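J.: have a look at this fold, sequence not included:
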């Protein structure tokens, strides 16, 4: 949405991925949040992989565009900033950021970022992490940290997409609140019905009870349509418009 | 981590889930971010389901604690605020929030929240959504919105986990919202009265009219005290407790 010189979307690099199915799932997670550039470093079962397509659930464009590299260094050679995702602390002295912080940094650029994801079983090797300038760690339950590849991808892509502004949820679908006069009309109708049933008793409590009712009926901010519906309810209860009798 | 009176973690409700494998994956996603209370409404293949355990990758505690209910209403009866996750716009007038906004609201309480997730293939039905006060929609690529169940669960759980230890006390003294069961009791009382007055006419419009009424009565988030007051109003109008006669 920005009209500034665009920071290109990040490249997601799957390093030595094992199962084609997981590559497909990662592609789906990427496209869900608007990312299309996937790179593969030495996929175990070669490429293309027939298991990837079905798992991508329609995110074929990501798989078709995927480029294969022999080394991590080659895969990120054109990128300005390399991030390594890892759940464990490594014996390396690099800044560790959350996906949220990484997304903010990626959007502010300059240049294109690459984000490395390790093999399913073992994660990134120390030598892979050494190539990165920054580590991304998802803050996770310390007693159960078991993110799979597609889950790590989706959280990173999701955080990145928040900065795009092009995938907002539908605007709040609320009708305009009813004008006060219509609400007052409804409250007046109910009040008259309650007076007729001796609801307000004892008399010295009446002002407080009326205020309680007004407060709770004012709270919802009903639309004009809703107030009309409620007046229909009240009319039915007061026997003014009995049907079928 | 907070020492303030705790807002309990939300309950995640899987409504008519189809595959045990997906229930397991959802459990794993929950535990990754510290959520343990799962409820199941009419799981297609019964419960327990032997496919769930392997897919949970060690999140057995979530599956062992999972409770099964016949209806959504029963599953959320003790919850103060019900959220429905849906990707599509529904013809209902409810606020739509992001997972991030929902997480903030859930942490500020008061009371326990329930979050509904629909069946894999079709998502939540309109009647399920009608039970909720708020809709959660993940902002997603408008040209490729294909979140699966576990992905929807992980994004919601992840956003909730960010607020752990940071939960602020509510800015104003809020009364606890009435549990869903009390609200349902009030709606049931009104419904019976309206049936008696032939309000629901013609018959083929009855389901829509009932949904409209439920939507507008669910909207306020009345407190337990307010629901009691309204039941007093209804009793007065139905002539059950006439005074001074």
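T.: Ah, there it is. Just so it is clear, the structure is predicted and the values come from calculations on it, not from any experiment. Residues are numbered from 1 along each chain as shown, chains lettered A, B, ... in the order given.

J.: if I look at the spatially most central residue of chain A, how far off is residue B:141?
T.: Nearest to the mean C-alpha position of chain A, counting by C-alpha atoms, centre = their mean, stands residue A:158 at 6.1 Å. Per C-beta to C-beta, to the nearest Å, residue A:158 is found 11 Å from residue B:141. (Glycine included, C-beta is placed from N, CA and C.)

J.: which residues do those two both contact?
T.: Here residue A:158 and residue B:141 have A:32-33 as joint contacts, going by C-beta atoms under 8 Å, 6 or more residues apart in numbering or on different chains.

J.: show me the strands in chain A, by range?
T.: A:11-15, A:38-41, A:67-69, A:81-85, A:96-97, A:113-117, A:134-136 (DSSP state E).

J.: could I get those as a markdown table with mean pLDDT?
T.: Shown next, in a markdown table, are those (pLDDT from 0 to 100):
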| stretch | mean pLDDT |
| --- | --- |
| strand A:11-15 | 98 |
| strand A:38-41 | 98 |
| strand A:67-69 | 97 |
| strand A:81-85 | 93 |
| strand A:96-97 | 89 |
| strand A:113-117 | 96 |
| strand A:134-136 | 91 |
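
J.: okay if I get those strands as CSV plus distance to residue B:35?
T.: As requested, the strands of chain A are exported to CSV (distance: least, C-beta to C-beta, whole Å):
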stretch, distance to residue B:35
strand A:11-15, 27
strand A:38-41, 30
strand A:67-69, 38
strand A:81-85, 22
strand A:96-97, 24
strand A:113-117, 24
strand A:134-136, 22
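
J.: make JSON lines out of these and add mean neighbour count and distance to residue B:234.
T.: What follows is the strands of chain A, written out as JSON lines (neighbours: other C-beta atoms under 10 Å in any protein chain shown; distance: least, C-beta to C-beta, whole Å):
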{"stretch": "strand A:11-15", "mean neighbour count": "25", "distance to residue B:234": "57"}
{"stretch": "strand A:38-41", "mean neighbour count": "23", "distance to residue B:234": "59"}
{"stretch": "strand A:67-69", "mean neighbour count": "15", "distance to residue B:234": "67"}
{"stretch": "strand A:81-85", "mean neighbour count": "24", "distance to residue B:234": "57"}
{"stretch": "strand A:96-97", "mean neighbour count": "15", "distance to residue B:234": "55"}
{"stretch": "strand A:113-117", "mean neighbour count": "26", "distance to residue B:234": "58"}
{"stretch": "strand A:134-136", "mean neighbour count": "21", "distance to residue B:234": "55"}
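
J.: take those strands and write them to a markdown table, including distance to chain B.
T.: Supplementary listing: those in a markdown table, determined by distance: least, C-beta to the nearest C-beta, whole Å:
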| stretch | distance to chain B |
| --- | --- |
| strand A:11-15 | 15 |
| strand A:38-41 | 14 |
| strand A:67-69 | 20 |
| strand A:81-85 | 14 |
| strand A:96-97 | 14 |
| strand A:113-117 | 16 |
| strand A:134-136 | 14 |
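
J.: select the longest helix from chain A.
T.: helix A:180-196 (DSSP state H).

J.: counting by contacts, list what it packs against.
T.: Here helix A:180-196 touches helix A:206-218, helix A:224-237, helix B:224-237, going by 3 or more C-beta pairs under 8 Å, 6 or more residues apart in numbering or on different chains; DSSP states H and E.

J.: before we move on, back to that, select, out of the strands of chain A, the one closest to residue A:187.
T.: Of all the strands of chain A, it is strand A:96-97 that lies closest to residue A:187, at 54.0 Å by C-beta to C-beta.

J.: residues in contact with that closest one?
T.: A:89, A:105, A:134-137.

J.: just want the angle from the helix or strand of chain A with the lowest mean pLDDT to helix A:180-196.
T.: In chain A, no helix or strand scores lower on mean pLDDT, DSSP states H and E than helix A:206-218, which sits at a mean of 81. Angle, helix A:206-218 to helix A:180-196, by axes from the mean of the first three to the mean of the last three C-alpha atoms, to 10 degrees: 130 degrees.

J.: helix A:206-218: which residues count as buried?
T.: A:209, A:213, A:216-217 (16 or more other C-beta atoms under 10 Å in any protein chain shown).

J.: how is chain A carved up into domains?
T.: A:11-162, A:180-237 (automatic domain parsing).

J.: between the two ends of the shortest one, what distance do you get?
T.: Distances were taken as C-alpha to C-alpha, to the nearest Å; on that basis the terminal residues of domain A:180-237 are 23 Å apart.

J.: for it, what is the distance to the chain centroid?
T.: 40 Å (C-alpha atoms, centre = their mean, to the nearest Å).

J.: before we move on, what about stretch A:67-83?
T.: For stretch A:67-83, the distance to the chain centre is 28 Å (C-alpha atoms, centre = their mean).

J.: for it, how far is the first residue from the last?
T.: OK, stretch A:67-83 end separation, C-alpha to C-alpha: 18 Å.

J.: can you check stretch A:134-151 too?
T.: Taking C-alpha to C-alpha as the measure, stretch A:134-151 stretches 20 Å from start to finish.

J.: buried ones in that stretch?
T.: In stretch A:134-151, counting by 16+ other C-beta under 10 Å, buried: A:134-138, A:140-141, A:144, A:146-151.

J.: check stretch A:190-201 too.
T.: A:190-191, A:193-194, A:197, A:199-200.

J.: got CSV for the residues you listed, with pLDDT too?
T.: Formatted as CSV, the buried residues of stretch A:190-201 follow (pLDDT from 0 to 100):
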residue, pLDDT
A:190, 89
A:191, 88
A:193, 88
A:194, 87
A:197, 85
A:199, 84
A:200, 85
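
J.: where does chain A have low pLDDT?
T.: Within chain A, the stretches with pLDDT under 70 are A:1-5, A:88-92, A:165-177, A:240-245.

J.: pull the most distant pair out of the contacts of strand A:96-97.
T.: Most distant of those, by C-beta to C-beta, are A:89 and A:105, 19.9 Å apart.

J.: of these two, who's got more company?
T.: residue A:105 (16 against 9; other C-beta atoms under 10 Å in any protein chain shown).

J.: quick one, what contacts that one?
T.: Contacts of residue A:105 (C-beta under 8 Å, 6+ apart): A:81, A:97, A:113, A:134.

J.: closest one of these to residue B:163?
T.: Nearest to residue B:163 among these, with distances taken as C-beta to C-beta, is residue A:97, at 18.5 Å.

J.: show me what the closest one is bridged to.
T.: residue A:136 (DSSP bridges).

J.: against residue A:113, how distant is it?
T.: 12 Å.

J.: cool, and residue A:14?
T.: With C-beta to C-beta as the criterion, residue A:14 and residue A:113 are 15 Å apart.

J.: go on, residue A:26?
T.: 17 Å.

J.: just residue A:208 next, same as before
T.: In terms of C-beta to C-beta, residue A:208 sits 62 Å off from residue A:113.
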